[in-house]
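# What follows is a predicted structure for the sequence shown.
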Amino acid sequence: MPRSTAAFRVAGSPASAKPRILIVDDEDSIRDAISRYLRARGFDTKTEDSAASALARLSQEHFDVMLCDIRMPLMSGLDALPHAFRLDGDLAVIMLTGVNDAGTATEALSQGAMDYLVKPVELAELERAVERAAHRRNLEIERRNVEWVIREEVALRTEELEQEKRSLRTLTVSIAQTLINAMEAKDVYLRGHSQRVAELAASVADAMGLDADTVENVRLAGRLHDVGKIGVREDILNKPGALTPEEFAHVKDHVRIGMDILAPLSHMPVALEFVHEHHEHYDGSGYPRGLVGEQITIGGRILAACDAFDAITSRRAFREAKEANETIAYLEGYVGRLLDPDVFGALKRVVLRRKTLTFIDDVHGVA
Ligand SMILES: [Fe+2]
């Protein structure tokens, strides 16, 4: 009694176009009977009497379904399977087997055959199996196409979003630069400070092994960190000598003013948080909130260190600039107080590496 596995029953109607069938069997009578029947039912069929000739035809012509005998001389249907799938990964294969080959047929299913029929084959059942296999093949192709379209769409949207993110970041940096220019116009000693702090802080973040997004946020925050000084009185900003407690309180207010100015840039909350915390001290003695240790974001801790380094190595209204090595030695005394020890370690490495590079440039006469 002919039978087929129920594993591939697919709901719905068969594909509208009749599939092209390749019938492979070394027994002429079976091959010809199947071919005649399927042709009479409107299928386009071709026949081959060996696995090798079937593979040769598959390499030249397209078929939807291959009906393939298992037991054939020289090369069995099972051995032909991987070669057939290499030629056409979408080929639907139905194995034809003698009763004793049932175990082998099951193995064929695990290798990608869609179905098997036991000889002698009942022709009506054979037709249904062909329709099922072709339908399942079409569904599989359709599913893959839909997946491909979705993947392409997701990739396209992701790229568009990345592009928008890059444009927004560029625009933000331009806005930041405008604000910084306005702020630096008030204070000659601050000129270039934000740019230097941004680059140094990004190098330190990178040296600490932070991810690329955090490094970029640190760089951006570095550019913006002192923007609030636009609201500090010029006579105080440029005052030589020590500030009175009232004056110092006014200078400290630049963090709050900066956060008010930057508040509309709500699409970059991480960078804004770093700006907010650039005067916090590791031991809790900083401002505006007196945060302690790792309560302070990593960006805040890095900016505090780089801000201090750049301030000391730059000339100010009230004192001359210090050398980089001298500054590192000086800041060493503030580790654990003003500075996070890990951040200081990375700052020291970055500064010493820069000194080495400068020395090499000097030796080679590079400007
Ligand atoms: Fe500041």
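Looks like it came in fine. The model shown is predicted, which means the values in this text are computed figures rather than measured ones.
# going forward, measure contacts between C-alpha atoms and count neighbours the same way
Fine.
# Can you give me the neighbour number for the nearest residue to His254 once chain neighbours are set aside?
Leaving aside its sequence neighbours, His254 sits nearest to Gly228 (Cα to Cα, 6 or more residues apart in numbering; 4.3 Å). Gly228: 24 surrounding residues under other Cα atoms under 10 Å.
# ok, Gly228 - contacts?
For Gly228, the contact set (Cα atoms under 8 Å, 6 or more residues apart in numbering) comprises Asp253, His254, Val255, Arg256, Ile257, Gly258, Met259, Ile261.
# name the element the last one belongs to?
Spelled out, that is Ile261. Following DSSP states H and E, one finds Ile261 within helix 254-262.
# Against which helices or strands is that helix packed?
Counting contacts by 3 or more Cα pairs under 8 Å, 6 or more residues apart in numbering; DSSP states H and E, helix 254-262 packs against helix 269-276.
# And the residue nearest to His254, how far from Ser266?
Look at Gly228 and Ser266: by Cα to Cα, to the nearest Å, they are 17 Å apart.
# I figured Asp69 hits Asp28, correct?
No. Counting by Cα atoms under 8 Å, Asp69 stays clear of Asp28, with 11.8 Å between them.
# Comparing those two, which residue is more hemmed in?
Just comparing Asp69 and Asp28: by other Cα under 10 Å the higher neighbour count belongs to Asp69, 29 against 12.
# mind listing what's buried in stretch 112-121?
If you call a residue buried by 16 or more other Cα atoms under 10 Å, then stretch 112-121 has these buried ones: Gly112, Ala113, Met114, Asp115, Tyr116, Leu117, Val118, Lys119, Val121.
# same question, stretch 328-343
Neighbour-count burial for stretch 328-343, counted by 16+ other Cα under 10 Å, picks out Ile328, Leu331, Glu332, Tyr334, Val335, Arg337, Leu338, Leu339, Asp340, Pro341, Val343.
# how about those residues, which pair is most distant?
Ile328 and Arg337 (14.7 Å; Cα to Cα).
# how close does Glu273 get to His250?
Going from Glu273 to His250 by Cα to Cα gives 21 Å.
# chain center to stretch 26-44: distance?
53 Å (Cα atoms, centre = their mean, to the nearest Å).
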